[in-house]
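K.L.:
Predicted structure and sequence below. I'll ask about it afterward.
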Amino acid sequence: MKIPAEVKIELAGTRVKVSGPKGALERDFAHPQVKLELKQDELVISGDPRITTTIETHLKNMVEGVVNGYTKKLKILYSHFPISVEVKGREILIKNFMGEKQPRKSRIVGQTKVEAKGQEMTLSGPSKEEIGQTIANLKSATRIRDRDSRIFQDGFYVIE
């Protein structure tokens with residue numbers, strides 16, 4: 001895998017650190033059938049082809065994240081009770097969901113930045129996985145139980 005000029009990759013055993021203009025990401029790729037080597041401007045991954053392809057894809061996502069970053073936009077939809085969202089530290093508070101008095105809480109993962117304006121939310125950061133996990137946490141926190149999901153469709157939906 002070729003390393004772009006604006007990216008710096010450090011290799012310590014199986015631990016890879018990728019640094020770039022938008023931040024730094026670190027991950028351990030420990031696997032008995034895979035060997036990682038750093039040669040000048042190239043990272044060589046050798047071993048089982050199925051696993052090396054997966055690791056190479058993860059590394060490409062890390063490089064893309066530290067160079068350009070990732071952004072996801074979510075729309076907050078409701079038909080019964082107006083939902084309001086507040087970002088407090090590393091937590092998202094979902095108020096008045098389904099008319100509940102206590103706010104539901106969702107955890108923000110890693111370096112993800114969350115902005116909430118009206119009925120739209122923007123999640124951004126260098127890690128595709130952390131943004132995806134933050135969205136999964138939101139969807140899990142707002143899961144509707146004991147009601148017909150065809151009628152009660154309140155929640156968070158990815159639009160971009």
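P.N.:
That came in fine, so what should we check first? Keep in mind that this is a model prediction, so the values were computed, not measured.

K.L.:
And the pLDDT for the closest residue to Pro82 other than its chain neighbours?
P.N.:
Of all residues not flanking Pro82 in the chain, Asn96 sits nearest, at 6.2 Å (CB to CB, 6 or more residues apart in numbering). For the C-beta atoms, the positions are set from N, CA and C on the backbone; glycine is no exception. pLDDT recorded at Asn96 is 91.

K.L.:
Which residues are in contact with Asn96?
P.N.:
Neighbouring residues of Asn96 by CB atoms under 8 Å, 6 or more residues apart in numbering: Phe81, Pro82, Ile83, Ser84, Pro103.

K.L.:
for stretch 40-56, the distance to its chain's centre please.
P.N.:
Distance of stretch 40-56 from the chain centroid (CA atoms, centre = their mean, to the nearest Å) equals 23 Å.

K.L.:
Residues touching it, excluding its own?
P.N.:
Residues from elsewhere that reach stretch 40-56, judged by CB under 8 Å, 6+ apart: 1-3, 9, 11, 16, 29, 31, 33-38, 59.

K.L.:
what about 10 Å?
P.N.:
1-5, 7, 9, 11, 14, 16, 18, 27, 29, 31-38, 59, 63 (CB atoms under 10 Å, 6 or more residues apart in numbering).

K.L.:
what's the helix or strand for the residue sitting nearest the centre point of the chain?
P.N.:
Against the mean C-alpha coordinate of the chain, by CA atoms, centre = their mean, the closest residue is Ile131 at 1.8 Å. Taking DSSP states H and E as the criterion, Ile131 maps to helix 128-141.

K.L.:
What is that helix packed up against?
P.N.:
strand 23-28, helix 49-67, strand 70-77, strand 91-95, strand 104-107, strand 113-117, strand 120-125, strand 155-158 (3 or more CB pairs under 10 Å, 6 or more residues apart in numbering; DSSP states H and E).

K.L.:
The third one - contacts with which helices or strands?
P.N.:
Packing partners of strand 70-77 (3+ CB pairs under 10 Å, 6+ apart): strand 84-88, strand 113-117, strand 120-125, helix 128-141, strand 155-158.

K.L.:
need those in CSV with mean pLDDT and distance to Thr71, can you?
P.N.:
As requested, the helices and strands packed on strand 70-77 are exported to CSV (pLDDT from 0 to 100; distance: least, CB to CB, whole Å):
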stretch, mean pLDDT, distance to Thr71
strand 84-88, 92, 16
strand 113-117, 93, 10
strand 120-125, 94, 4
helix 128-141, 94, 8
strand 155-158, 88, 11
